[in-house]
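Undergrad: Okay, structure incoming, though there's no sequence with it:
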């Protein structure tokens, strides 16, 4: 179960937001386009769960306790691209979209 789908998730800590925005310096951290008021920008989660013990035996939700290294400041175009697989399928959890991309990369790399 993805913690992303839980309703009423906790807000991102202000300290994390501030550090991510400072690091981005007014640009999308994926395509590097410059921020403009007419473009939608948002904070993108790179992960929704983190390991709390070695070897991934237990995880915890990062929601409400995000760290700057787990977030990106991205434009709306890049935000959407994180959530789409090669088939065009939309995934709420970008890790599911990445799994679809990885699968197709594996299939296409076979001789």
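TA: Okay, I see it. Keep in mind that what you see is a predicted model, and the values were worked out from it rather than measured. Numbers count the residues shown, from 1 in each chain.

Undergrad: can you pull out the strands in the protein?
TA: Assigned by DSSP state E, the strands in the chain fall at 41-45, 49-51, 59-61, 71-75.

Undergrad: of the ones you listed, which approaches residue 85 most closely?
TA: strand 41-45 (16.3 Å; C-beta to C-beta). The way it works is simple: take the backbone N, C-alpha and C, and place the C-beta from them, glycine included.

Undergrad: Show me the contact partners of the longest helix along the chain.
TA: If you go by DSSP state H, the chain has its longest helix at helix 94-109. Contacts with helix 94-109, where a contact means C-beta atoms under 8 Å, 6 or more residues apart in numbering, come from 2, 44-48, 82-87, 89, 91.

Undergrad: Could you turn the buried ones of those residues into a PyMOL selection?
TA: A single PyMOL command selects the buried members of these (16 or more other C-beta atoms under 10 Å):
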select buried, resi 44+45+47+48+82+83+85+91
